[in-house]
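Engineer: Let me see the structure of the following:
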Amino acid sequence: MSIKLDEKDHAILTLIQENSKLTANQIAKKINTPLTTVFAKIKRMEEMKIIKQYRAVLNAEKLNLGTAAFILAAVSYRTKNEKETPISQRVVAEEISKFPEVQEVHIITGDWDLLVKLRAENVEAVGKFVVDKLRHIKGLEKTLTCMVFETVKESTSIPNFMKKNEVSQQFK
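Structural biologist: Reported below is the predicted structural model:
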């Protein structure tokens, strides 16, 4: 289902992604649009679930969680007991997602079934998570942990259809 967004919608989305603390009044001034229009457009995009949430992006290093890892996981679909229901990839993913250290869980294609993003205090904490928590999940066959040395880009933004610079230049 394709959702039609106009130029002003895109401009609003770009500004909200850059700074979700902007008021509707500030947005209206930046894009030269009446305040009531901005309110209506934001409300419409919230109702359509285009805007899902507003949140702060925290600095993991300042919170002593500067170690990041990506974990590839394989699910064992068959059970040892033939009478048991086969294990679902989604069920395993849901179980993994319950751990507070886990930031993301993705069901993927290829040689692995799941991709997990994890934040921890240090490499030792990542190891303890994998050995003491992750590997105890029923249906998990094997894992491969990839430690992050350096993050070049990390973003929660979804690119708009209009180029960011076009929106920024056009409405600033």
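Engineer: In the protein, what helix or strand scores lowest on average pLDDT?
Structural biologist: helix 164-171 (a mean of 45; mean pLDDT, DSSP states H and E).
Engineer: which SS class is the closest residue to Y77 other than its chain neighbours?
Structural biologist: Among residues not flanking Y77 along the chain, P86 sits closest, at 5.2 Å (C-beta to C-beta, 6 or more residues apart in numbering). Any C-beta I mention is one placed from the backbone N, CA and C, and that applies to glycine too. Put simply, P86 is coil when judged by DSSP: H, G, I helix; E, B strand; the rest coil.
Engineer: can you count the residues close to P86?
Structural biologist: Around P86 there are 10 other residues, counting by other C-beta atoms under 10 Å.
Engineer: Over to T145?
Structural biologist: 17.
Engineer: Could you find the closest non-adjacent residue to it?
Structural biologist: Using C-beta to C-beta, 6+ apart and skipping the chain neighbours, the partner closest in space to T145 is I71 (5.1 Å).
Engineer: Quick check: which element contains that neighbour?
Structural biologist: strand 67-75 (DSSP states H and E).
Engineer: again, but for K142
Structural biologist: Using DSSP H and E, K142 maps to strand 140-147.
Engineer: Next, the angle from that strand to strand 67-75.
Structural biologist: 160 degrees (axes from the mean of the first three to the mean of the last three C-alpha atoms, to 10 degrees).
Engineer: helices or strands up against strand 140-147?
Structural biologist: Applying 3 or more C-beta pairs under 8 Å, 6 or more residues apart in numbering; DSSP states H and E, one finds that strand 140-147 makes contact with strand 67-75, helix 123-132.
Engineer: Out of the ones you listed, which one sits most buried?
Structural biologist: Each of those was scored by mean neighbour count; the highest is strand 67-75, a mean of 20, by mean count of other C-beta atoms under 10 Å.
Engineer: So which residues of the chain form strands?
Structural biologist: Ranges of strands in the chain, per DSSP state E, are 67-75, 102-107, 114-120, 140-147.
Engineer: D9: which of those is closest?
Structural biologist: strand 102-107 (26.9 Å; C-beta to C-beta).
Engineer: Give me the buried positions along that closest one.
Structural biologist: By 16 or more other C-beta atoms under 10 Å, the buried positions in strand 102-107 come out as V102, V105.
Engineer: ok, and what's touching it?
Structural biologist: By C-beta atoms under 8 Å, 6 or more residues apart in numbering, the surrounding residues in contact with strand 102-107 are Q89, R90, A93, I96, S97, D113, L114, L115, V116, K117, L118, R119.
Engineer: Can you select the buried ones among the residues you listed for me in ChimeraX?
Structural biologist: Typed into ChimeraX, the line below selects the buried ones among these, using 16+ other C-beta under 10 Å:
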select :89,93,96,113,114,115,116,117,118,119
